[in-house]
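Sequence first, then the predicted structure, then my questions.
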Amino acid sequence: MPQIIVLPHEELCPQGTAIEVASGTSICDALLENDIDIDHACDKVCACTTCHVIVREGYKSLNSAEDNEEDLLDKAWGLEPNSRLSCQAIVGNQDLVVEIPKYSINMAKEGHR
């Protein structure tokens, strides 16, 4: 079973963690099922960017991003070449290292620092 290593995030996962995940699970669902409360304002239907993550390792093992996701990612806070919307990124058979950006578009609007 693949593993997702979540890098430390000040608010959501201060120590970082490693979780085992069944292939075919979205990164978002895996995080939520393991008490990492990643924002998902659109309820995981690929209509916002609040669940944006950066896949530091294992990016190529994920399913390909569709056009709608690519268009939305252009609006994500802290976009990088290995950025994905976690609600759309489906875990394959390889381990992943995932970073949750410090801010999401919702956090920026709410004035988090």
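Looks like it arrived, so ask away.

all strands in the protein, in order from the N-terminus.
Applying DSSP state E to the chain gives strands spanning 3-6, 17-20, 52-57, 83-85, 96-99.

got the buried residues for the second one?
Translated: strand 17-20. Buried residues in strand 17-20, counted by 16 or more other C-beta atoms under 10 Å: 17, 19. (Each C-beta comes from the backbone N, C-alpha and C, glycine too.)

Give me the neighbour count for residue 30.
24 (other C-beta atoms under 10 Å).

For residue 15, grab phi and psi.
Dihedral angles of residue 15 (phi, psi; degrees, to the nearest 10) stand at phi -90, psi -10.

Once you drop chain neighbours, what's closest to it?
Residue nearest to residue 15 in three dimensions, not counting chain neighbours: residue 8, with 6.1 Å by C-beta to C-beta, 6 or more residues apart in numbering.

Please tell me how far the one you found sits from residue 103.
Distance, residue 8 to residue 103, by C-beta to C-beta, to the nearest Å: 15 Å.

Which one of those two is surrounded by more residues?
The neighbour comparison of residue 8 against residue 103 (other C-beta under 10 Å) goes to residue 103, with 16 against 12.

Please enumerate the helices of this structure.
With DSSP state H, the ranges of helices along the chain come out as 27-33, 67-73, 105-110.

Show the secondary-structure elements that the second one is packed against.
Counting contacts by 3 or more C-beta pairs under 8 Å, 6 or more residues apart in numbering; DSSP states H and E, the secondary-structure elements packed against helix 67-73 are strand 83-85.

Other residues contacting the strand it packs on?
Residues from elsewhere that reach strand 83-85, judged by C-beta atoms under 8 Å, 6 or more residues apart in numbering: 27-28, 46, 49, 51-55, 59, 62, 65, 69, 72-73, 76.

Name the nearest of those relative to residue 93.
residue 62 (10.7 Å; C-beta to C-beta).

Need the nearest residue in space to that closest one, chain neighbours excluded.
Nearest to residue 62 is residue 89, by C-beta to C-beta, 6+ apart, at 4.9 Å.

residues near the one you found, how many?
Neighbours of residue 89 (other C-beta under 10 Å): 25.
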